[in-house]
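S.K.: Provided below are the primary sequence and the corresponding predicted coordinates.
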Amino acid sequence: MVYPRPSAGLRGGAVLVSVVLLLSTIALEGTHKINPIRNQFYMDAINTLPLLWAAITAPPPRSKIYRALAIFLSEISFTLYLTHAPFLTIVRLFWLRDALWPNDARHLLLLAIPFAASILFAYALYWVFESQTDRIRTVLKKRFGRRAPVVKSATAA
């Protein structure tokens with residue numbers, strides 16, 4: 001069954017809801033009245049679901065810039081997935097130590113620095129390692145070929 005595509009206004013409303021939920025979560029965490037580790041998964045899911053729904057139901061984009069950005073992010077996504085949490089934890093340990101930041105606009109804007117740095121770090125690791133996978137696979141295939149393994153049976157001995 002094919003369902004009608006939701007209107008652009010409805011999808012935009014879902015994105016707005018997601019942004020408001022995200023900002024509310026950041027504000028609540030800034031008051032330090034909730035345990036961010038215990039509740040983080042649920043808060044992330046609630047914040048992300050409207051945005052995910054809007055993205056899934058949107059028509060395919062036609063913009064070349066969007067396409068290039070989507071390809072770039074999809075290429076580094078696995079490396080970013082593996083590295084962002086340890087990277088941000090290390091940044092927090094050295095930059096903030098045990099300090100708690102105030103919940104104001106200046107400090108919320110400062111959060112962009114480690115997040116952008118984590119993407120750059122993931123890209124650097126992607127470029128050094130993951131982007132070389134096809135080249136290394138080709139070299140290994142040439143070196144070792146695609147020979148079937150020799151299996152000795154117990155009865156042949």
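M.R.: Received, thanks.

S.K.: which parts of the host helix or strand of F41 are buried?
M.R.: For F41, the host element (DSSP states H and E) is helix 36-57. When neighbours are counted by 16 or more other Cβ atoms under 10 Å, the buried residues of helix 36-57 are found to be M43, I46, N47, P50, L51, W53, A54. To be clear about C-beta, it is placed using only N, CA and C from the backbone, and glycine gets the same treatment.

S.K.: least confident pick among those residues?
M.R.: In terms of pLDDT, the weakest of the buried residues of helix 36-57 is M43, which scores 76.

S.K.: let's verify P102: helix, strand, or coil?
M.R.: Following DSSP: H, G, I helix; E, B strand; the rest coil, P102 is assigned to coil.

S.K.: extract the CA atoms of stretch 96-110 and return them as PDB.
M.R.: Coordinates of each C-alpha in stretch 96-110 appear next as PDB, following Å, rounded to 0.1, in the frame of the first residue of the first chain:
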ATOM      1  CA  LEU A  96      36.400  20.800  31.300                       C
ATOM      2  CA  ARG A  97      37.900  18.500  33.900                       C
ATOM      3  CA  ASP A  98      35.200  18.300  36.600                       C
ATOM      4  CA  ALA A  99      33.700  21.700  35.900                       C
ATOM      5  CA  LEU A 100      30.000  22.100  35.000                       C
ATOM      6  CA  TRP A 101      29.200  24.700  32.400                       C
ATOM      7  CA  PRO A 102      26.600  27.300  33.000                       C
ATOM      8  CA  ASN A 103      23.500  27.000  30.900                       C
ATOM      9  CA  ASP A 104      23.800  30.100  28.800                       C
ATOM     10  CA  ALA A 105      23.900  31.000  25.100                       C
ATOM     11  CA  ARG A 106      27.700  31.500  25.100                       C
ATOM     12  CA  HIS A 107      28.400  28.000  26.500                       C
ATOM     13  CA  LEU A 108      25.900  26.400  24.200                       C
ATOM     14  CA  LEU A 109      27.700  28.000  21.200                       C
ATOM     15  CA  LEU A 110      31.000  26.800  22.600                       C
END
